[in-house]
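Engineer: need coordinates for the following:
(one chain, ligands or ions: 1)
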Amino acid sequence: MKKTKEDKCDALIVGAGVVGSYLARRIAEEGHKVIIVDKRSRAELGGWKNSGHNIDKDVFKKLPVEPPAESEIGAQVEYAEFRGPNTHFKFRLPMYNVRLGLFTRRILDDAMDAGASFQGGVECLGAEIEDGCVVGIKARKEGGDVSYRAKLVVDVSGICAVVRNSLPDEFGIDKKMTPFDYLNVYSEDRKVDPAHWPVPFTYHSVMQGWSGSRRPGVIGLGLGRFGYTGEDPAEACRALARQALSVPGEVIFKTRARVPVRHPLHKLAAPGVMILGDAAYQGKPLNGEGLSVMLYAAETAAGVAARALANDDVSEESLWDYSYRYQRKWGKRFAPIHRLRYELSRFSKEEQAFTMGLGLYGPEEMSSIMLDGKLEISALQLANKVRNGWKAIFKPDLVIRLARASLQGSKLTELYRQYPRKPADITDWAAEADHLFRHD
Ligand SMILES: Cc1cc2nc3c(=O)[nH]c(=O)nc-3n(C[C@H](O)[C@H](O)[C@H](O)COP(=O)(O)OP(=O)(O)OC[C@H]3O[C@@H](n4cnc5c(N)ncnc54)[C@H](O)[C@@H]3O)c2cc1C
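Structural biologist: Purely as a prediction, here's the structure:
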């Protein structure tokens, strides 16, 4: 293989999805030399995944990023519906359903306008490490080996987490992903007669799926199954289409992917490297929707990275503030839902119907979970809520499992409040967190 010369920069971003591109822009705006690489070409970015992605409207009020242009919006959502056994309600969910390919390319263009340079067709093979610090990456481009030297590398390569997975164990970054930690997702777009469009955005609980308008005359739907079930989501998606759509329509796009739904990495930084996005498991716990939270995380990461580069200090201590601020805000919010998710994921249809009948999740809880990742049901509230249902159907095992998950969730919230200020204290904290996340 031919060997080409090295490229040098301050920050090297691996992965030009929405999140990596936003991060590149924000670091470049601080005057640092930023290169963003992706194994895909610019034209291929985003669109391979799914044609439409929901993103919270609030993101565009809170972050310095222009709301999607008319051409980038497939559909607008103000309220979503939730359909589960014994329950059907509407809840507030102000979102844009963006056309992911167009939106990703615009965010990348913003990064390039800020001075970042993009190199497509570059497949990262892993980190280069010297004296216990990441100093760049090895990559393949046009059939040849390339290496990049950077003061700081950020892994935003999605679920394959190519840099993270190449780090040595001494970095203390968790690399394992169990089949409880991801959903196998199948998603498709169907072209329907305009008379049957638009449709409300709907979450279907027992099916663990969703359906909604994509763009005029097109409906998207999809479904996830936990990795450990070994089930093929495509089969269930056909059943969902029959149930959710009044006319089936012609399938014009389909895709399969894994979506991580695990609690975030305990450590998001190590010497010379930061981890962000799906590579750090930062998506919302129940459905893995990641863009909104990951853009907030990117804003935090960019501030910390720019400061570290300006101080010429990319040590773990210098980058720690990113981990600290993320865990104190989002880790703490999501932890109880992650713990509960292990139980919910194993519910039988009958158990789902039972808990839905208890009214544990109404419109307010659903808005809070879906928008902010907050679920505040204490063990006591849970016990009160189950009292009526307890009389109707006696399910002590289920109630005990839920109560234990709820109690551990509360302990996790407290633990995340005490997330260490210094990397030296992470080992004990991580052991306690692993203990509380543990499920049978
Ligand atoms: C079907 C489906 C529907 C979804 N719906 C929603 C939704 O509605 N709302 C929502 O918020 N989230 C949704 N998600 C989740 C969302 O897509 C992710 O959470 C988010 O895009 C993660 O962003 P990321 O930048 O971390 O990774 P990605 O967007 O996956 O970007 C990673 C980039 O890294 C590149 N890359 C990978 N490996 C390498 C390598 N070795 N070398 C170089 N480049 C590499 C890839 O080409 C890619 O461009 C959905 C996911 C799927 C699969």
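
Engineer: ok, Lys62 - contacts?
Structural biologist: Under the criterion of CB atoms under 8 Å, 6 or more residues apart in numbering, the neighbours of Lys62 are Tyr296. Placement of C-beta: from N, CA and C, glycine included.

Engineer: same check on Ala11?
Structural biologist: Residues in contact with Ala11 (CB under 8 Å, 6+ apart) are 24, 27, 32-35, 150-154, 305, 309.

Engineer: same check on Glu72?
Structural biologist: With CB under 8 Å, 6+ apart, Glu72 has these contacts: 98-99, 102-103, 106.

Engineer: okay, and which of those residues map to strands?
Structural biologist: 98-99 (DSSP state E).

Engineer: nearest to the ligand among the contacts of Glu72?
Structural biologist: Distance to the ligand, by CB to the nearest ligand atom, is smallest for Val98 among those, at 8.6 Å.

Engineer: mind listing what the closest one touches?
Structural biologist: 52-55, 68, 72-74.

Engineer: can you count the residues close to the residue nearest to it when sequence neighbours are not counted?
Structural biologist: Residue nearest to Val98 in three dimensions, not counting chain neighbours: Pro68, with 5.0 Å by CB to CB, 6 or more residues apart in numbering. Residue crowding around Pro68 was assessed by other CB atoms under 10 Å; the count is 20.

Engineer: show the model's pLDDT score for Pro68.
Structural biologist: Confidence at Pro68, expressed as pLDDT, is 96.

Engineer: what's the spacing between it and Arg421?
Structural biologist: Pro68 is 37 Å from Arg421, where distance means CB to CB, to the nearest Å.

Engineer: what do you get for Lys329?
Structural biologist: Counting by CB to CB, the gap from Lys329 to Arg421 is 15 Å.

Engineer: the more surrounded of the two?
Structural biologist: Legend: neighbour count by other CB under 10 Å for Lys329 and Arg421, higher for Lys329 (16 against 11).

Engineer: for that one, what are its contacts?
Structural biologist: With contact taken as CB under 8 Å, 6+ apart, Lys329 is in contact with Tyr296.

Engineer: which of the contacts of Val98 come close to the ligand?
Structural biologist: Among the contacts of Val98, the ones lying near the ligand by CB under 6 Å from any ligand atom are 53-55.

Engineer: which of those fall in strands?
Structural biologist: 53-55.

Engineer: before we move on, back to that, the contacts of Ala11 in helices, which ones?
Structural biologist: Here DSSP state H is the test, and these give 24, 27, 305, 309 as lying in helices.

Engineer: export the residues you listed as a markdown table, with columns for distance to the ligand and pLDDT.
Structural biologist: Shown next, in a markdown table, are the ones in helices among the contacts of Ala11 (distance: CB to the nearest ligand atom, whole Å; pLDDT from 0 to 100):
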| residue | distance to the ligand | pLDDT |
| --- | --- | --- |
| Ala24 | 11 | 98 |
| Ile27 | 15 | 98 |
| Ala305 | 16 | 98 |
| Leu309 | 21 | 98 |
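
Engineer: I'd like those residues laid out as CSV, including neighbour count.
Structural biologist: Compiled in CSV, the ones in helices among the contacts of Ala11 are given as follows (neighbours: other CB atoms under 10 Å):
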residue, neighbour count
Ala24, 33
Ile27, 29
Ala305, 30
Leu309, 22
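
Engineer: and which of those is nearest to Lys176?
Structural biologist: Ala305 (26.4 Å; CB to CB).

Engineer: identify the residue nearest Leu167 in space, chain neighbours excluded?
Structural biologist: Using CB to CB, 6+ apart, the closest residue to Leu167 is Ile173 (5.3 Å).

Engineer: ok, Gln208 next?
Structural biologist: Using CB to CB, 6+ apart, the nearest residue to Gln208 is Gly224, at 5.5 Å.

Engineer: thanks a lot, catch you later.
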